[in-house]
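J.: Please find the sequence and the predicted model below.
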Amino acid sequence: MASLTITNVRKFFGSQEVLKGVSLSVKSGEFVVLVGPSGCGKSTLLNIIAGLETLDEGEIRIGNRVVNDVKPKDRDIAMVFQSYALYPNMNVRKNLAFGLENRGVPKDKIEETILRVAKMLQIDELLDRKPSQLSGGQRQRVAMGRALARDPEIFLFDEPLSNLDAKFRVEMRTEIKMLHQRIKTTVVYVTHDQIEAMTMADRIAVMKDGVIQQFDTPQQLYDNPANLFVAGFIGSPAMNFIPCRMVKDGKKIGVIFKTERKKSFFLPVRGNATAYEKWHDKEVILGIRPEQIAAGFHNQEKNPNMHQIETMVSVIEPTGPDTLVFVNINDTKITCRVNPDAARKPGEPMKLMIDMSKALFFDPETERRIDY
Amino acid sequence: MKDSKYLSAKTRVSRVSLGRILIYSALIMAAIYFLIPFFIMVITSIKTMNDIRTGHLIAWPREVTLEAWIKAWSTAAIGATGKGMRTYFWNSVQMVIPSVVISTIIGAINGYVFSKWRFKGSETFFSFLLLGCFIPFQVIILPMSQTLGLLGMAQSIQGLILVHIIYGIPFTTLFFRNFYVTIPDELIKAAKIDGAGFFRILWKIILPLSIPTFVVAIIWQTTQIWNDFLFGVCFSGGESQPVTVALNNLVNTSTGVKEYNVDMAAAIIAGLPTLLVYIVSGKYFLKGLTAGALKG
């Protein structure tokens, strides 16, 4: 296993700049996920790391080696594709052996490696079958087996779970994570699904429009997003964004929430208010997650930042463990995660507790966090 | 109530059978239209000249004889020589086999390059290559004659083979390239990462998947090249002519009586191979044309 250092990579497709000076540093043995919406450049970056695409500017280093001009087969990487890309005319055994044969590995070593990998992934019963005779999940395991057999320095995954049905996807997520814990090879994993990213990564690079928006641990991205995009992308249901104005109420600085029936509430910011002084009387965007607005919180009396507002329920969506309550604040549709027993019916008034210690503030123009 | 139900059932039945009758009659008439000439050829070829002179065109032979066939094969007068179709038949075989094999192999490699290893200007290059499918061959007769003369291959089977290879490549390239674009690019990427290069990928992965297209290309090329007359008559001469040209010469060489039975037998000899190819592998031709590359 080796570290991976990406420095200032730029890539153009024709006149369109797809990667705009991307830099990333992956530690040896780390599981890093590149996540972002379609077209953000994550797959392009992965292909550049693999050597399947050239870069126009910048440097890729595997360990201490600069690999910009090194062919994919000499970079000591292995890749698992979204469509598995198994060789259809070869059986599983030959699929697993192909990469090793091309490198002139002796036959007995190949046989040994195949058996070991097949056992690890529980595909040892399938060695004589052809890909067309396997289910989606089995094919995916063979694709991973092919990569594992190569014992590379870096594993690259290109949305490997996207073709599986939802239930199986969850199982495979855990399997991949457990596999990583076992073999501890450096992994770069691309997905568009933020839940996959959050559950599997040591660190996540959130990408948009060819730029890395933030590169941090899952918990940090959740608690401490750097901008509006990251805040809205991570977490499901997504964070609520409420446009409001910073005002002063005596010595306290805070925002005004206008709810149905012309009720108005002043909500002070947490802690030291001086950081927000220069935003006094300006428009800001308040970000708060659905799970941070509820009918009541455990130990809420001990939290000085807990404030109550009253509003009217417009729609409810029961999910089982909780109920999503949709309300209107400052003319914006807001989602709240509420205990099913406490949820009111649509049209009824409801009191909600907002945990202002978790509220985040964003500049509406630059979309960056004011207090990051 | 009962009457109306009975009536409607009756009309329904009769409408169906009327439609069926029309369809079948049309099909039978079309079949007859196409088969009658061949039928006439076959029965004429097994009649004696006497029978032909005195009998009806579609009358069954009074006496079945294979004399005309033997004559057509080995002794009929074609131009100045009197050796029958045999030599020319083998000329055609000698011409078709290398042309088909070489043009198909080159087409496969070309198709592979154009679909999976695109280089700068490859699309333009491919469009120019495709022109070869649409050029009327009459246009290139003169320059090709000169070229073959320069190469010392005028009026020879080798010259014909070269011409057929060159003019077969656009078609075979097209077939293979259109098939290979249905093979996912990720397969090639995976093979590259696994350490395989251009030829290894071709040999181990692409070619095993291409059997249907090989069948299409081979059938197409065999039929086109065997049946060709234009190149045959222009670029070969005398002893090196293919069977199509020989047939033309045989029919036009008449020292006295026009021997229809021999002419018919010779025509069937000339056309039989491609007919057999179709009968044996026509099904595979269709399968090959519609074969998608892979599922999953």
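T.: On my side now, so go ahead.

J.: low-confidence ranges in chain A?
T.: A:272 (pLDDT under 70).

J.: All the helices of chain B, in order from the start?
T.: Ranges of helices in chain B, per DSSP state H, are B:2-45, B:49-54, B:67-70, B:86-116, B:122-134, B:141-150, B:157-180, B:185-193, B:198-201, B:207-209, B:211-227, B:230-235, B:243-252, B:260-289.

J.: got a markdown table for those, with mean pLDDT and distance to residue A:232 too?
T.: Heads up, the C-betas are built off the backbone N, CA and C, glycines and all. Formatted as a markdown table, the helices of chain B follow (pLDDT from 0 to 100; distance: least, Cβ to Cβ, whole Å):
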| stretch | mean pLDDT | distance to residue A:232 |
| --- | --- | --- |
| helix B:2-45 | 79 | 63 |
| helix B:49-54 | 84 | 91 |
| helix B:67-70 | 88 | 85 |
| helix B:86-116 | 93 | 40 |
| helix B:122-134 | 86 | 41 |
| helix B:141-150 | 91 | 67 |
| helix B:157-180 | 92 | 43 |
| helix B:185-193 | 92 | 31 |
| helix B:198-201 | 92 | 43 |
| helix B:207-209 | 91 | 45 |
| helix B:211-227 | 90 | 49 |
| helix B:230-235 | 90 | 69 |
| helix B:243-252 | 88 | 73 |
| helix B:260-289 | 85 | 50 |
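
J.: Make JSON lines from those helices and add mean neighbour count and distance to residue A:269 to it.
T.: Listed next are these as JSON lines, based on neighbours: other Cβ atoms under 10 Å in any protein chain shown; distance: least, Cβ to Cβ, whole Å:
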{"stretch": "helix B:2-45", "mean neighbour count": "11", "distance to residue A:269": "82"}
{"stretch": "helix B:49-54", "mean neighbour count": "14", "distance to residue A:269": "112"}
{"stretch": "helix B:67-70", "mean neighbour count": "18", "distance to residue A:269": "106"}
{"stretch": "helix B:86-116", "mean neighbour count": "20", "distance to residue A:269": "59"}
{"stretch": "helix B:122-134", "mean neighbour count": "12", "distance to residue A:269": "60"}
{"stretch": "helix B:141-150", "mean neighbour count": "14", "distance to residue A:269": "86"}
{"stretch": "helix B:157-180", "mean neighbour count": "22", "distance to residue A:269": "62"}
{"stretch": "helix B:185-193", "mean neighbour count": "22", "distance to residue A:269": "50"}
{"stretch": "helix B:198-201", "mean neighbour count": "15", "distance to residue A:269": "61"}
{"stretch": "helix B:207-209", "mean neighbour count": "16", "distance to residue A:269": "64"}
{"stretch": "helix B:211-227", "mean neighbour count": "21", "distance to residue A:269": "69"}
{"stretch": "helix B:230-235", "mean neighbour count": "21", "distance to residue A:269": "88"}
{"stretch": "helix B:243-252", "mean neighbour count": "21", "distance to residue A:269": "94"}
{"stretch": "helix B:260-289", "mean neighbour count": "17", "distance to residue A:269": "71"}
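
J.: and residue B:169, how far is that from residue B:127?
T.: Distance, residue B:169 to residue B:127, using Cβ to Cβ, to the nearest Å: 14 Å.

J.: what does residue A:121 give?
T.: For residue A:121, the distance to residue B:127 - Cβ to Cβ - is 46 Å.

J.: related to what we said a few turns ago, which of the helices of chain B sits closest to residue A:167?
T.: Closest approach to residue A:167 among those is made by helix B:185-193 (24.9 Å; Cβ to Cβ).

J.: In contact with residue A:161: list those residues for me.
T.: A:140, A:169, A:172, A:173, A:191, A:193, A:196 (Cβ atoms under 8 Å, 6 or more residues apart in numbering or on different chains).

J.: out of those residues, what pair is the most spread apart?
T.: The most widely separated members of the contacts of residue A:161 are A:140 and A:193, with 15.3 Å between them, by Cβ to Cβ.

J.: Between these two, point out the one with more neighbours.
T.: Between residue A:140 and residue A:193, counted using other Cβ atoms under 10 Å in any protein chain shown, the more crowded position is residue A:140 (27 against 17).

J.: mind checking how far that one is from residue A:240?
T.: Using Cβ to Cβ, one obtains 36 Å as the distance from residue A:140 to residue A:240.

J.: what does residue A:96 give?
T.: As for residue A:96, its distance to residue A:240 is 48 Å (criterion: Cβ to Cβ).

J.: between these two, who's got more neighbours?
T.: residue A:96 (28 against 23).
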